[in-house]
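J.: heads up, no residue letters with this:
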């Protein structure tokens, strides 16, 4: 038996007037997911337990089959695992975004949480400059992918409060700087980075090319090293994870999965959809389980770009779901779970706590359709009345033996 999760990050949304009251998922052309929904079990599930922020870290832990209440220690420790950075017991890891801040009416505003989707090569130069200028025994800086990077504070404090930068798009940062024990040191680092980056050659080149500069760092998502069972121990399966995002790869590493890096996987709308799907099929030849994650719909929604979100959903359906479903029968019996991790409404440009629609399909009809479902969408999933409150229990349903 082969098991695969196909996850379109942030695909779920809210009805939009410009789409005739439909959500982007309803409006998009998704014949492959629609066919699965008509043949398998469709319903709604909660991926973010009560009391948690609706971040991709918590939501994806749930989808992986882990109860966040039992193992969640923060976003950045998971990203550190992906990057091969071992955290000591007294280390606190932080997500470090390269961002663009611009002045408006005497205040600094978050213009772009991704610094105009800075390239990995440009970003590495800036993070290397941070390490050279501020790195040492206390603070260490590690380059990641595009705007997503890592800082580790040795002997750091963890009683802190942060606001994710994607929740501040086009808003003042004045009331959302780090708060708590040690926040003054972190604010000083953020301010110092602005002076370091102001005349950096990378930003001079970007501005000459008409691109936004990466003129500041933004620290958030802190935590200490997590303690998790492997998926082999928990569910009795070997497996792999495929994603362009360090967070998802890091959860996979902590779960004992192999990380498969696909050329051209960017974490954006131009990602290599087909390459990821083909890599998943190849991985399943020698493994039981694959978790395939596509970031593109979420990135488009955070940018408030409806056209790109619809395009990303359609590409996920055709190139990922379609490619995988066409190839799975050659591998024998299989089960598929298709879903987003959380909603990212394009008008709100941030995550919400709402449940998400899922499709659970088995080649032996283990999960028969419930009700009259015409396709895959939030509305159709709600119509079945099927609702899973403890989202982390879905993995056990997928892999039950």
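T.: Received it, and whenever you're ready, just let me know what you need. Only a predicted model underlies this, so the values are computations on that prediction, with no experimental measurement involved.
J.: wait, doesn't residue 285 sit right on residue 331?
T.: Yes. Here residue 285 reaches residue 331: they are 6.7 Å apart, a contact under Cβ atoms under 8 Å. Just so you know, the C-beta spots here come from the backbone N, C-alpha and C atoms, and that holds for glycine as well.
J.: so for these two, which sits in the more crowded spot?
T.: More neighbours surround residue 331 than the other of residue 285 and residue 331, with 14 against 9 (other Cβ atoms under 10 Å).
J.: quick check, the more buried one in contact with residue 283.
T.: No. Between residue 331 and residue 283 there is no contact under Cβ under 8 Å: 10.4 Å.
J.: which one's the longest strand in the protein?
T.: Assignment by DSSP state E gives strand 91-104 as the longest strand of the chain.
J.: adjacent strands (with direction) for that one?
T.: In the sheet, strand 91-104 lines up against strand 107-112 (antiparallel), strand 148-154 (antiparallel), strand 216-223 (antiparallel) (DSSP bridges).
J.: contacting residues for residue 150?
T.: 76, 79-80, 83, 85, 93-96, 141-142, 144, 246 (Cβ atoms under 8 Å, 6 or more residues apart in numbering).
J.: just these now: which is nearest residue 113?
T.: Closest approach between the contacts of residue 150 and residue 113, by Cβ to Cβ: residue 95, at 11.0 Å.
J.: for that closest one, list each beta-bridge partner.
T.: residue 150, residue 220.
J.: against residue 174, how distant is it?
T.: In this view, residue 95 and residue 174 are 21 Å apart by Cβ to Cβ, to the nearest Å.
J.: for residue 234, same thing?
T.: Separation of residue 234 from residue 174 (Cβ to Cβ): 44 Å.
J.: have a look at these two and say which one is more surrounded.
T.: Of the pair residue 234 and residue 174, residue 234 is the one with more neighbours under other Cβ under 10 Å, namely 17 against 10.
J.: so the more buried one sits against residue 67, correct?
T.: No. Using Cβ under 8 Å, residue 234 makes no contact with residue 67, being 10.7 Å away.
J.: what's residue 300 sitting at in phi/psi?
T.: Backbone torsions of residue 300, given as degrees, to the nearest 10, read phi -60, psi -40.
J.: I'd say it and residue 316 touch.
T.: No. Counting by Cβ under 8 Å, residue 300 does not reach residue 316; the two are 11.2 Å apart.
J.: the more surrounded of the two?
T.: Here residue 300 and residue 316 are compared on neighbour count by other Cβ under 10 Å; more neighbours surround residue 316, at 30 against 24.
J.: beta partners for the nearest residue to that one once chain neighbours are set aside?
T.: Of all residues not flanking residue 316 in the chain, residue 8 sits nearest, at 4.5 Å (Cβ to Cβ, 6 or more residues apart in numbering). Note on residue 8: beta-bridge partners residue 294, judged by DSSP bridges.
J.: what sits against residue 8?
T.: By Cβ under 8 Å, 6+ apart, the contact list for residue 8 reads 294, 296-297, 312-313, 316, 320, 338-340.
J.: average pLDDT across stretch 257-266?
T.: Mean pLDDT, computed over stretch 257-266, is 96.
J.: list the contacts of that stretch.
T.: Stretch 257-266 is contacted by residues 82, 146, 231, 239-244, 249, 252-253, 271-272, 275-276, 279, 283, 287, 289, 291 when judged by Cβ under 8 Å, 6+ apart.
J.: again with stretch 174-184
T.: By Cβ under 8 Å, 6+ apart, stretch 174-184 touches 107-108, 153, 156-157, 159-163, 168, 186-187, 190, 219-220.
J.: what comes up buried for it?
T.: Buried residues in stretch 174-184, counting neighbours by 16 or more other Cβ atoms under 10 Å, are found at 176-178, 182-183.
J.: do stretch 158-169 as well
T.: 158, 160, 162-169.
J.: ranges for the strands of the stretch 301-401 of the chain?
T.: 334-339, 356-362, 387-388 (DSSP state E, counting those that start in this stretch).
J.: and residue 36, which of the ones you listed is closest to it?
T.: Residue 36 sits nearest to strand 356-362 of all the strands of the stretch 301-401 of the chain, at 4.7 Å, using Cβ to Cβ.
J.: can you confirm residue 115 is in a helix?
T.: No. Residue 115 is assigned coil when assessed by DSSP: H, G, I helix; E, B strand; the rest coil, not a helix.
J.: ok, and the closest non-adjacent residue to it?
T.: Spatial nearest neighbour of residue 115, chain neighbours left out: residue 214 (3.6 Å); criterion: Cβ to Cβ, 6+ apart.
J.: make sure residue 45 is actually in contact with residue 392.
T.: No. Applying Cβ under 8 Å as the test, residue 45 and residue 392 come out as separate, 9.6 Å apart.
J.: returning to what we had before: ranking by neighbours, what's the top pick from the contacts of residue 8?
T.: Within those, residue 294 tops the neighbour count with 33 neighbours, counted by other Cβ under 10 Å.
J.: quick check: it vs residue 146, distance?
T.: According to Cβ to Cβ, residue 294 and residue 146 sit 15 Å apart.
J.: now the helices for the stretch 51-200 of the chain?
T.: In the stretch 51-200 of the chain, the helices defined using DSSP state H, counting those that start in this stretch lie at 56-64, 68-71, 75-82, 120-134, 183-198.
J.: export these to TSV and append columns for distance to residue 372.
T.: Listed next are those as TSV, based on distance: least, Cβ to Cβ, whole Å:
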stretch	distance to residue 372
helix 56-64	27
helix 68-71	34
helix 75-82	40
helix 120-134	47
helix 183-198	53
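J.: and residue 364, which of the ones you listed is closest to it?
T.: Relative to residue 364, the nearest member of these by Cβ to Cβ is helix 56-64, separated by 22.8 Å.
J.: just want the angle from the closest one to helix 75-82.
T.: Relative orientation of helix 56-64 versus helix 75-82 (axes from the mean of the first three to the mean of the last three Cα atoms, to 10 degrees): 70 degrees.
J.: centroid residue for this structure?
T.: In the chain, the residue lying closest to the centroid (Cα atoms, centre = their mean) is residue 56, at 4.8 Å.
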